[in-house]
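Colleague: just coords:
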């Protein structure tokens, strides 16, 4: 049969991928930055000798991802600079530094895999004369070594190195308040400063006059006041600076604090709309618009939702997707939602640059923004399906499968099969069912539908016999293909430094956990997908608890809630045996770069961060992905040097 021969060719190709290897000498990448200490606003050259382990063969394209830090910016500015291939595995590129840059951090990437120089990146201090680093150059390099940046630019944590760099900043610029705060805090944490000296130094910093027009100095004092539990003074200083400099980062953070801390739906709507009005070009607006649309939908305020989106100078795909869902889930005509889902798709393919997080490069952003496209096509297909516009529904659902690389949700495949069966296109329905089996090999409903289609095509019991014969091949091939794909896209980020707090109050360090893979799940009691995922996480825990460390970490709990108490109350009502922990100050999520919940982070036996998985939709897909990843991390082949 044609569909079987096509499937056989596909699986043969996958098998070749699994068994093939690329011969050649493995060589670490080398990057040279010229000049070594560039001036602000000059041309910088890059020369890269290709890492043949990370970038095997001859990559089609490589980029230098440059992360440029300013004096006051909390996050770097990410820029992707295309590299030009030269002879002998050498790549070159040039770019121009910014007039306010103080520090550069660089990695090489093909858009999927990164050469991060063993986790340390390549770095360059900035100067005005080519000799002495500019103010905040050492400071930024020290903060980077503390590992406080999100994933795309997260460097290997080295606290002693960070302290050395911060002290160099104070030697060169003794009046840098941010450096004073950072040195005092880190020296105390590393036990290089005793309690008495620490408190004296803090009081000295707070008593000294500060240039209140400099945002980085003001932010440092606000942080210090918060550390001293002087939240009222910190808030007053924050409000004062925000009023004087309404477009500053502090002003945006201050308004965002109100959005996140809203104690009711009414307050959330009020503060979120104020944030969107005051800071329309902030990346947070992309997701915020979607959250507002969900809220308006629950309140049945469709007119207000539409008016809000139409007034936005930079509307987001998330916003229009959620607006379309309001119509889709209502009892009115589905036709009303079509213009909005089409608008969402249009924006998703050409998103406004204002929604790009500053620390992400254009190349990384293009990959990230594509994540919403399958969800849009899914809703579009469901709309057409409800309207009996089968051909358009099928076309939209086929796009979902294409965009997800045959990793769609079960409902997508089931709707496609239903449409094809309705049209009498059984051969095509079987091909879709085969795709579904490859994507969801343990799903009983998919298996049942697949068997039924074989019986439709062939006289029983021959359909069932052929199905049983082929199923094991499909399922095994699917598992091998998924594991191959997972293995090839490992993150290989530096080990996490620090500890986590258990419900009995005991702190357990990540150093103690080395020797076994670790699965960290971040969740919160207000997060509906988090709660839905926990029973399936419990299932995986029961299967692997003897071989793997599981940490279910509560974060981002509602303002004012005692996290320990919140988790205990939750567990009183929901009986789970897997270990629950808390991240009291959200330090861990800052180190890992958590931007949404639920999030699963996988550490290998050496403690290095290898994989991250966000969200929860399909339970079977959830379990398959977790088990595939855990099996990889348990296997010796994963740690073998190639």
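Modeller: Yes, it's here. The structure presented is a predicted model; accordingly, all values stated were derived computationally and were not measured.

Colleague: for the stretch 101-250 of the chain, what spans make up the strands?
Modeller: All strands of the stretch 101-250 of the chain, identified by DSSP state E, counting those that start in this stretch, fall at 101-109, 114-115, 122-125.

Colleague: Lowest average pLDDT across the ones you listed?
Modeller: Lowest mean pLDDT within the strands of the stretch 101-250 of the chain: strand 114-115, a mean of 89.

Colleague: Going by contacts, tell me the helices and strands next to that strand.
Modeller: Judged by 3 or more CB pairs under 8 Å, 6 or more residues apart in numbering; DSSP states H and E, the packing partners of strand 114-115 are strand 101-109. Backbone N, C-alpha and C define where each C-beta goes, glycine included.

Colleague: would you list the strands of the stretch 101-250 of the chain in a markdown table and tack on mean neighbour count and distance to residue 376?
Modeller: Below are the strands of the stretch 101-250 of the chain laid out as a markdown table (neighbours: other CB atoms under 10 Å; distance: least, CB to CB, whole Å):
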| stretch | mean neighbour count | distance to residue 376 |
| --- | --- | --- |
| strand 101-109 | 25 | 27 |
| strand 114-115 | 22 | 28 |
| strand 122-125 | 20 | 38 |
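
Colleague: contacting residues for residue 167?
Modeller: residue 183 (CB atoms under 8 Å, 6 or more residues apart in numbering).

Colleague: at 10 Å what do you get?
Modeller: The contact partners of residue 167, taken as CB atoms under 10 Å, 6 or more residues apart in numbering, are 138, 142, 179, 182-183, 186-187, 192.

Colleague: Just the buried ones among the residues you listed, please.
Modeller: 138, 142, 179, 182-183, 186-187 (16 or more other CB atoms under 10 Å).

Colleague: ok, so of these, who is nearest residue 397?
Modeller: Among those, residue 142 lies closest to residue 397 (CB to CB), at 51.3 Å.

Colleague: quick check, distance from the host helix or strand of residue 65 to the centre of its chain.
Modeller: Assigned by DSSP states H and E, residue 65 belongs to strand 63-70. With CA atoms, centre = their mean, to the nearest Å as the basis, strand 63-70 stands 19 Å off its chain's centre.

Colleague: repeat for stretch 263-281
Modeller: Centroid separation for stretch 263-281 versus its chain: 24 Å, with CA atoms, centre = their mean.

Colleague: Residue 277 and residue 292 touch, don't they?
Modeller: No - counting by CB atoms under 10 Å, residue 277 does not reach residue 292; the two are 12.0 Å apart.

Colleague: quick one: buried residues of stretch 43-59?
Modeller: Residues of stretch 43-59 classed as buried: 44, 46, 48, 50-56, 59 (neighbour count, 16+ other CB under 10 Å).

Colleague: Repeat that for stretch 607-615.
Modeller: So for stretch 607-615, counting by 16+ other CB under 10 Å, buried means 607-613.

Colleague: now do stretch 578-594
Modeller: Within stretch 578-594, the residues that qualify as buried are 578-583, 588-589, 591-594, counting by 16+ other CB under 10 Å.

Colleague: Need the distance between the two termini of it.
Modeller: Using CA to CA, to the nearest Å, one end of stretch 578-594 lies 22 Å from the other.

Colleague: and what of stretch 534-554?
Modeller: OK, stretch 534-554 end separation, CA to CA: 12 Å.

Colleague: Now the element after the lowest-mean-pLDDT helix or strand in the chain, going C-ward?
Modeller: Lowest by mean pLDDT, DSSP states H and E among the helices and strands of the chain is helix 2-19, with a mean of 33. Of the helices and strands lying after helix 2-19 in sequence (DSSP H and E), the nearest is strand 30-34.
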